[in-house]
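>>> following is a predicted model, sequence given first.
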Amino acid sequence: MTASADATDPDGARSLPHRLDPSGGCPHARNARLRRRGAVAPVVLPGEVPGMLVLGHDALKEFLAHPDVAKDARHFTALAEGRIPAGWPLRTFATVRGMTTADGQDHRRLRSLVSRAFTAKRVEELRPRVERLVDELLDGVARQAAVEEVVELRSRFALPLPMRVICELFGVDAEFRAGLHHLSSQIVSTGTTPQEAFDANREMVAVLARVVAARAREPGDDLTSALIAAREEGGDRLSEEELIGTLMLFVVAGHETTLNLITNAVRALCGHRDQLALVRAGAASWSDVVEETLRWDSPVSYFPFRYPTRDLVLDGTVIPRGTPVLAGYSGAGRDPAAHGPDADRFDLTRRAGGRHLSLGHGAHYCLGAPLARLEATVALERLFARFPALEPAVADAELPAHTGFVGNSVRRLPVRPGPDARQR
């Protein structure tokens, strides 16, 4: 067993790696302890795999754009040497074939196939559809609130919005959506058993293969059909494995991240009524809410993986070549060195836009960022306009945390919506 710093020690044993808890939990207290040790921390990943975590803002920004840092798992020393088992819960993050595990020309090739669908202009054209979906979902919330005082907002509102949007974009039929969310949750969880991780990945590939087969039989005006056409027009442009991997990336990341973002923003506003009052008074915008939530309570906590292609010194710490490194977005978001001594405070007047790293940095900056921002902004504005008295039904500290240390949110969000403003 590998030793680790005692989490109850405010300073920790500075020379010992921190053992990441596969069950997850709120990362912010942990991040504060680790940042006191430095911007880069050695960690122990599930399965006793040594790794590193970069959680200082400036160090992470440098690392994400460093020319000697790769995404391709062939640079992952332990994997290349056969020391990572097939059922390792984080293996999919390393081995799925797609943009998140490609470098250089391969990355540019794969990104170019879908990038035109996520430009700011194309995403803005989706606004009417997003607004209609939001209103439909809020109608459902209103109907449930009319008979039950408490509504589970995460599953009834924050989840179906991004899931439906991304599935419509990629031509994923409704019959697959509930299963894909369940499998996505298992894949991003770090607390699954080896067999559960292996089975979830295999089933996800099988389901997405059915989606691809359906679109091959009946092509539509969707991205999966476009990717299939690109593959058939030039087989060297996109392999079958890359097609499935690309679809997996967008289905998982395209809804899990926005789901957490909306959930975390509602929690933040309900816990900071003075900030909600600023928005209602016009002193801050809903865009400010989204950007400050991304900084203050990033929907992704520790994202796997990048690998130095040589021994790399970052903020005075050596990261050995081939080490799996986690991007600590939740830690960087509250780094006092970047955001000031009040970095732990949710403050819409901070104007965080452009200062946080929660959507990435460099060549792998989140392609879906404009869509996530649109969905979250529309969702929050219309939710609080429709239900101005909305309040939590359970104290925030009592909400069950997200399973695993990749995502950062809660598993449930029960609220009392209060009167429907449309019925007044």
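Received it, and whenever you're ready, just let me know what you need.
>>> quick check: buried residues in the top helix by length along the chain?
Ranked by number of residues, the top helix in the chain under DSSP state H is helix 240-271. Going by neighbour count (16 or more other CB atoms under 10 Å), the buried part of helix 240-271 is 242-270. In short, each C-beta sits where N, CA and C put it, glycine included.
>>> mind listing residues that contact stretch 360-368?
Contact with stretch 360-368 is made by 60-61, 64-65, 71, 99-100, 107, 111, 114-115, 118, 250, 253-254, 257, 327, 359, 369, 372, as judged by CB atoms under 8 Å, 6 or more residues apart in numbering.
>>> distance between that stretch and the chain's centre?
Relative to the centre of its chain, stretch 360-368 is centred 12 Å away, using CA atoms, centre = their mean, to the nearest Å.
>>> mean confidence for that stretch?
Averaged across stretch 360-368, pLDDT comes to 93.
>>> pull stretch 386-400 out as PDB, backbone CA atoms only.
Once non-C-alpha atoms are left out, stretch 386-400 reads as follows in PDB (Å, rounded to 0.1, in the frame of the first residue of the first chain):
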ATOM      1  CA  ARG A 386     -41.200  31.100 -13.700                       C
ATOM      2  CA  PHE A 387     -40.600  30.200 -10.100                       C
ATOM      3  CA  PRO A 388     -39.300  33.400  -8.300                       C
ATOM      4  CA  ALA A 389     -39.900  31.800  -4.800                       C
ATOM      5  CA  LEU A 390     -38.000  28.600  -5.600                       C
ATOM      6  CA  GLU A 391     -36.100  27.400  -2.600                       C
ATOM      7  CA  PRO A 392     -34.200  24.200  -1.600                       C
ATOM      8  CA  ALA A 393     -36.200  21.500   0.200                       C
ATOM      9  CA  VAL A 394     -33.100  20.100   1.900                       C
ATOM     10  CA  ALA A 395     -30.000  21.900   3.400                       C
ATOM     11  CA  ASP A 396     -27.200  21.900   0.900                       C
ATOM     12  CA  ALA A 397     -24.900  20.100   3.300                       C
ATOM     13  CA  GLU A 398     -27.300  17.200   3.300                       C
ATOM     14  CA  LEU A 399     -27.400  16.600  -0.400                       C
ATOM     15  CA  PRO A 400     -25.600  13.400  -1.500                       C
END
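>>> just how off-centre is that stretch within its chain?
The chain centre lies 22 Å from the centre of stretch 386-400; the measure is CA atoms, centre = their mean.
>>> go on, stretch 415-424?
The chain centroid and the centroid of stretch 415-424 are separated by 30 Å under CA atoms, centre = their mean.
>>> mind listing residues that contact that stretch?
Residues outside stretch 415-424 that contact it (CB under 8 Å, 6+ apart) are 141-142, 145-146, 149-151, 153, 266, 270, 385-393.
>>> thinking again about what came up before, show me the contacts of stretch 360-368 that map onto strands.
Ala327 (DSSP state E).
>>> what subset of the contacts of stretch 360-368 is buried?
Among the contacts of stretch 360-368, those classed as buried by 16+ other CB under 10 Å are 60-61, 64, 71, 99-100, 107, 111, 114, 118, 250, 253-254, 257, 327, 359, 369, 372.
>>> where does the chain dip in pLDDT?
Along the chain, segments meeting pLDDT under 70 span 1-15, 233-237, 351-354, 424.
>>> all strands for it, in order.
For the chain, the strands defined by DSSP E cover 18-19, 40-45, 49-54, 69-70, 151-152, 302-308, 312-314, 317-319, 325-328, 391-392, 414-416.
>>> which strands and helices sit next to the third one?
Applying 3 or more CB pairs under 8 Å, 6 or more residues apart in numbering; DSSP states H and E, one finds that strand 49-54 makes contact with strand 40-45, strand 325-328.
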